[in-house]
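1. Return a 3D structure for these sequence lines:
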Amino acid sequence: MEGAVSDTVLETTDGASGDAGWYLPHPLGFQVSLASFLLLEILLGCGSNLTVLGLYCAQPGLVDSVSTVVTMNLHVLDTLVCLVCAPLTGAVLLLPPEHHGPLLCCFHEACVTFGSVATAANVLVVSLDRYDISVRPGRRALTPSRVTLLLAAVWLLSLLGFLLPFLELELLDGPGPALCRSGPEPPAEPATCYHLLLQIPAFAAAGAVTLLTYARVLRALDTRPRSRRRKHRTRRKAAAPGEAQRPVQAAPALPPQPVRVQASVSAIVALRRAVRRHRDRRERQKRVFRMSLVIVSTFLVCWAPISSANLLLLCLGPSPLLLQLRLCFLALAYGTTVFHPLLYAFARQALRAALRSRLKKRAVSALQVDPAPGGTVIHNSWVEPPKGRRARPAGSEGAQRGLTRGLKE
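-> Model (predicted):
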């Protein structure tokens, strides 16, 4: 009798249990930590990429080459990823499963496919541009017209990746992608995961081309001085037999002492210049090697886990553990939106100088603003004279006397 009463209390009006369909999609700690990480990436990514784009738009002189156009395209893509893709991943993470409709799941998978394919393609284009400008700067293959066509092809491929989940939903007549369903036992539906087949080859191609191009760049920087030395040695060897066939002439008279001293001084100056050029070349090689290592490792570390998770989902089918890992790897992949401005934009000396001048102008304008009638005045020790000393006007008699005395001396 008591069991019947308790069953009646727990049942709802439609005969279903009150707690049967309500559960958290993921553990609470997992949701809070991952949502905080996504929010931090959104703030940092949007701030840095919008700052870079604002500097490029405010000073058109910074857009002075094809390389700058390519990096600007990458920053535009990163801004879209921060504003669209990352918030959708946060919504899929926090919303309960009953609110995961087919449209939301398809739109999330479309944005993820768009972001992954577009990022891989843009990184590939940037790597090709670095190779082109480093190996053959005199006769570049990436002209402005070719770069325009290449970037148009990149955006068309990215748009195809965005439309692919919707095409799967329409053509296959399925219930939608099973990758958003975080219930206890999500159904394994490999037919709705075909869009993953576009993400994995895109990452593999971009990673391979990036490794090859930066390896060729380092090899070109390392072998260019050696090739010059070899040419110089071959010229000397070719000139040696001709010198041996010439008749031996009498030794010239010894030059006077001042000429010998001048020759030794010029040899020392030439030696110092050669040592300085060699040191600068080695420093440039080290700097390029460090930057190449950081760029390649950042792309591989951020996008290799999500590509591995996609491959496992295609082979094994969706599971709760794999879906949680995929969300974590997606948040890690969005980290490239924070690293790209640091690696490609703020590494430029011209952009750093423009940002520094902007900040200095704002600081000076803030110091020169007249204080409000009732506001507080901040005293700066490096602007105002110390206490006990009276400020001397710029046109005072003492200053004029000092100036005239200095001119007379």
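2. Helix or strand: which one has the nearest residue to residue 84 once chain neighbours are set aside?
-> Excluding the flanking residues, the one nearest residue 84 by Cβ to Cβ, 6 or more residues apart in numbering is residue 111, at 5.6 Å. C-beta here means a position set from N, CA and C on the backbone, and glycine is covered the same way. Residue 111 is part of helix 102-135, with elements assigned from DSSP states H and E.
3. So which other helices or strands are in contact with that helix?
-> helix 66-80, helix 86-94, helix 144-172, helix 196-245, helix 257-316, helix 320-333 (3 or more Cβ pairs under 8 Å, 6 or more residues apart in numbering; DSSP states H and E).
4. and it with helix 257-316, angle?
-> Calculated by axes from the mean of the first three to the mean of the last three Cα atoms, to 10 degrees, helix 102-135 forms an angle of 160 degrees with helix 257-316.
5. returning to what we had before: ok, of the helices and strands packed on helix 102-135, where does mean pLDDT dip lowest?
-> Lowest mean pLDDT within those: helix 196-245, at a mean of 70.
6. still on that earlier bit, run a quick check on the residue nearest to residue 84 versus residue 88, I expect a contact.
-> Yes: counting by Cβ atoms under 8 Å, residue 111 does reach residue 88; the two are 5.5 Å apart.
7. Give me the more crowded residue out of the two.
-> A count of neighbours by other Cβ atoms under 10 Å puts residue 111 above the other of residue 111 and residue 88, at 21 against 17.
8. measure the more buried one to residue 336 for me?
-> Distance of residue 111 to residue 336, given as Cβ to Cβ, to the nearest Å: 15 Å.
9. cool, residue 267 as well?
-> Counting by Cβ to Cβ, the gap from residue 267 to residue 336 is 52 Å.
10. Compare neighbour counts for these two and give me the winner.
-> residue 336 (23 against 10).
11. where in the stretch 301-409 of the chain is pLDDT low?
-> 362-409 (pLDDT under 70).
12. which of the residues in stretch 49-58 are buried?
-> 49-53, 55-56 (16 or more other Cβ atoms under 10 Å).
13. which residues touch that stretch?
-> 62-63, 68, 72, 75-76, 78-79, 82, 337, 340-341, 345-346, 351, 354-355, 358 (Cβ atoms under 8 Å, 6 or more residues apart in numbering).
14. ChimeraX command for the buried members of the residues you listed?
-> Per 16+ other Cβ under 10 Å, the buried members of the contacts of stretch 49-58 correspond to this ChimeraX selection:
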select :62,68,72,75,78,79,82,337,340,341,345,351,354,355
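15. before we move on, back to that, okay if I get the helices and strands packed on helix 102-135 as CSV plus distance to residue 119?
-> What follows is those, written out as CSV (distance: least, Cβ to Cβ, whole Å):
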stretch, distance to residue 119
helix 66-80, 7
helix 86-94, 13
helix 144-172, 9
helix 196-245, 8
helix 257-316, 7
helix 320-333, 8
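16. closest to residue 37 out of those helices?
-> helix 320-333 (5.4 Å; Cβ to Cβ).
17. and the closest one with helix 102-135, angle?
-> 40 degrees.
18. Check which helices and strands whatever helix or strand comes next after helix 320-333 sits against.
-> Per DSSP H and E, the first helix or strand lying C-terminal to helix 320-333 is helix 336-340. Other helices and strands packing on helix 336-340, by 3+ Cβ pairs under 8 Å, 6+ apart, are helix 28-58, helix 66-80, helix 257-316.
19. Please identify the most buried of the ones you listed.
-> Neighbour counts averaged per stretch over the helices and strands packed on helix 336-340 are highest for helix 66-80, at a mean of 20; criterion: mean count of other Cβ atoms under 10 Å.
20. which other residues reach that one?
-> Applying Cβ under 8 Å, 6+ apart, the set of residues contacting helix 66-80 is 45-46, 49-50, 52-53, 56, 62-63, 115, 118-119, 122-123, 125-126, 129-130, 133, 140, 142-144, 147, 151, 154, 336-337, 340-341, 344-345.
21. Could you check the pLDDT of the residue nearest to residue 84?
-> pLDDT, residue 111: 92.
22. Run through the residues that contact it.
-> Here residue 111 is in contact with 84-85, 88, 162 (criterion: Cβ under 8 Å, 6+ apart).
23. What of residue 196?
-> Per Cβ under 8 Å, 6+ apart, neighbours of residue 196: 113, 310-311, 313-314.
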